[in-house]
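Participant: predicted model, plus sequence, below.
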Amino acid sequence: MRDAAAFLRSNRATVEKLVKQVGSGNVVLDFGIRLRDTFTRCDTLPPDLLKAAGDCGIAVRISRYPISDEPSEV
């Protein structure tokens, strides 16, 4: 997440231009994380990431995916 925040800060002008072209409602920074089998699920996003994304007009999403313990046959 640190890398994403740094990228958004250092490329803000370019990212803002892209967001304006497609519309801010269509741009989402999505972090995929493993679905954990725990009672409580808490994931914290650092303020600098949220600020950098917000400054560019980008929404932030956390997507949870189930992960199989068995190897994939791809």
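Facilitator: Thanks, I have it.
Participant: relative to residue 45, how far out is residue 36?
Facilitator: 17 Å (C-beta to C-beta, to the nearest Å). Where you see a C-beta, it was placed from the backbone N, CA and C, and this is true even at glycine.
Participant: quick one, which of those two is more surrounded?
Facilitator: Per other C-beta atoms under 10 Å, whichever of residue 36 and residue 45 has more neighbours is residue 45, with 15 against 12.
Participant: tell me the phi and psi of that one?
Facilitator: Here is the backbone geometry of residue 45 (degrees, to the nearest 10): phi -100, psi 130.
Participant: mind listing what the closest residue in space to it that isn't next to it in sequence touches?
Facilitator: Spatial nearest neighbour of residue 45, excluding adjacent residues (C-beta to C-beta, 6 or more residues apart in numbering): residue 60 at 6.2 Å. Residues near residue 60 by C-beta atoms under 8 Å, 6 or more residues apart in numbering: 28, 29, 30, 31, 45, 49, 50, 53.
Participant: only the buried subset of the residues you listed, as a PyMOL command please.
Facilitator: This is the PyMOL syntax for the buried subset of the contacts of residue 60, where burial follows 16 or more other C-beta atoms under 10 Å:
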select buried, resi 29+49+53
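Participant: ok, which stretches of this protein are helices?
Facilitator: For the chain, the helices defined by DSSP state H occupy 2-10, 12-22, 47-55.
Participant: which parts of the second one are buried?
Facilitator: Residues of helix 12-22 classed as buried under the neighbour-count rule (16+ other C-beta under 10 Å) are 15, 16, 19.
Participant: do the same with stretch 53-72
Facilitator: 53, 56, 58, 60.
Participant: quick one: which two of those residues are the most distant?
Facilitator: Greatest spacing in the buried residues of stretch 53-72, by C-beta to C-beta: 56 and 60 (10.7 Å).
Participant: could you dump the buried residues of stretch 53-72 to JSON lines with pLDDT and distance to residue 11?
Facilitator: Formatted as JSON lines, the buried residues of stretch 53-72 follow (pLDDT from 0 to 100; distance: C-beta to C-beta, whole Å):
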{"residue": "53", "pLDDT": "95", "distance to residue 11": "12"}
{"residue": "56", "pLDDT": "94", "distance to residue 11": "9"}
{"residue": "58", "pLDDT": "94", "distance to residue 11": "12"}
{"residue": "60", "pLDDT": "94", "distance to residue 11": "16"}
